[in-house]
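**Q** After the sequence you'll find the predicted model.
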Amino acid sequence: MNIAQYLDSTYLKTPEQSGISNEETLQKDKELAQVAIDNGIFAVMIRPDYVSEIKKYIQERNSNVAVGTVIGFHEGTYSVDEKLAEASKAIEDGADELDFVINYNAYLQGNTELVKDEFVKCTRLALENQKIAKWIIEIAALTDEQIADLTKNISNWAEENFSENDLPHIFVKSSTGFYETTGGKPNGATFEGIKIMLDNAGRLPVKAAGGVRTPEDAERMINMGVKRIGTSSALALIKNESSSGGY
C-alpha cells in the first residue's frame, strides 16, 4: 500500500512550545516540506504564520504537495469571526486545506446552534475558495456517544447546506494532538473512536490524526475507510518504521 498519498505530515508546535526561534521553526517547516516533496507525501500541515513561505518553497520546486494549516487551534474556542478572519488570511497566503477546530466546548455545553453556525460559515468560506475544510472534533474530550452525535451533526449540516459535489471536500477529523488527557488516555485517534466517526460521517471523509505510529496501524486505518492520516512521523511510516512520537 502507498501510505504516503494518505499522509498529512505535521509540525504544529509554536516556537514557544519547542523553545526555538521563528527562523528555526520556519527551517523545520521547510525540511518537512522537502521530505514531503521527496517522498510523495500528500500534504504538510503547519501553523498559519508559516503558510506563505512554505507555499512559496513548494511552488519553487514545482511540487504539488498541498499546504494545510490549522484554524482556531488548538482549543477551538475562538469566535466565528476570529476563525473566519484566520481562515481568510490563510487562504490569502496560499493554504490549500483548512483544519478548523470545532468549538467542542460549546457543543458540550449544549450550544449546538453556535457550532452549526461556525461550521456552515467557515466551510462555505473554504469551499468558495476551492479549499478543503476539515473539522477537528477532539475525540479525547468526548464520550463515545458524543463522538457519534457530533460527527452525525456535522454530516447532516453538510448535506443540508452544501451540494453533493462539495461533500468529498468536507472532512471530519479526530484530534489536534494537543489535548491534555489524564490517566494515560490517548489524546489522538484510536481504532474505536475512528470506527464511531466512520459509522456516523455519512458521505463525509474522515481524517485520523495523532496516535498512528506504525505502518500497520496506518494501513489498518486506511482499510477501515480513513481518507487521510495526520502524523508527525510521516517519514517513519513510509519507511516501514515505528515511531515513538506523540502525534
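**A** On my side now, so go ahead.

**Q** For S244, give me the pLDDT.
**A** S244 carries a pLDDT value of 58.

**Q** Check D144 too.
**A** 98.

**Q** pretty sure it contacts E192?
**A** Yes: counting by C-beta atoms under 8 Å, D144 touches E192, with 7.5 Å between them. For glycine as for every other residue, the C-beta is placed from the backbone atoms N, C-alpha and C.

**Q** Mind listing what's buried along stretch 200-208?
**A** The neighbour-count criterion (16 or more other C-beta atoms under 10 Å) identifies 200-201, 204-208 as the buried residues of stretch 200-208.

**Q** Same check on stretch 159-174?
**A** 159, 161-162, 166-167, 169-174.

**Q** Need the CA coordinates for it. CSV is fine.
**A** The C-alpha trace of stretch 159-174 is given here as CSV (Å, rounded to 0.1, in the frame of the first residue of the first chain):
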residue,chain,number,x,y,z
GLU,A,159,-25.8,17.7,3.5
GLU,A,160,-28.3,20.4,4.4
ASN,A,161,-26.1,23.3,3.3
PHE,A,162,-23.8,22.2,0.6
SER,A,163,-24.0,20.3,-2.7
GLU,A,164,-23.3,16.6,-3.2
ASN,A,165,-20.2,17.6,-5.1
ASP,A,166,-18.9,19.6,-2.1
LEU,A,167,-19.2,16.7,0.4
PRO,A,168,-15.8,15.0,-0.5
HIS,A,169,-14.1,18.3,0.4
ILE,A,170,-15.5,18.4,3.9
PHE,A,171,-13.7,16.1,6.4
VAL,A,172,-14.4,15.1,10.0
LYS,A,173,-11.0,14.9,11.8
SER,A,174,-10.3,13.2,15.1
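
**Q** Give me the contact list for it.
**A** Applying C-beta atoms under 8 Å, 6 or more residues apart in numbering, the contact partners of stretch 159-174 are 99, 120, 123-124, 126-127, 131-139, 151, 154-155, 158, 188-189, 193-194, 197, 201-210, 227-228, 230.

**Q** which parts of stretch 32-52 are buried?
**A** For stretch 32-52, burial by neighbour count (16+ other C-beta under 10 Å) applies to 32-37, 41-52.

**Q** Could I get the full set of strands for the chain?
**A** Along the chain, the stretches classed as strands by DSSP state E are 7-11, 43-46, 66-71, 97-101, 132-136, 170-173, 206-209, 228-231.

**Q** Could you dump those into TSV with mean pLDDT and distance to K89 added?
**A** Formatted as TSV, the strands of the chain follow (pLDDT from 0 to 100; distance: least, C-beta to C-beta, whole Å):
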stretch	mean pLDDT	distance to K89
strand 7-11	97	19
strand 43-46	98	14
strand 66-71	98	10
strand 97-101	98	11
strand 132-136	98	16
strand 170-173	98	21
strand 206-209	98	22
strand 228-231	97	22
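
**Q** Make CSV out of the ones you listed and add distance to S79.
**A** Listed next are the strands of the chain as CSV, based on distance: least, C-beta to C-beta, whole Å:
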stretch, distance to S79
strand 7-11, 25
strand 43-46, 23
strand 66-71, 12
strand 97-101, 13
strand 132-136, 16
strand 170-173, 21
strand 206-209, 24
strand 228-231, 25
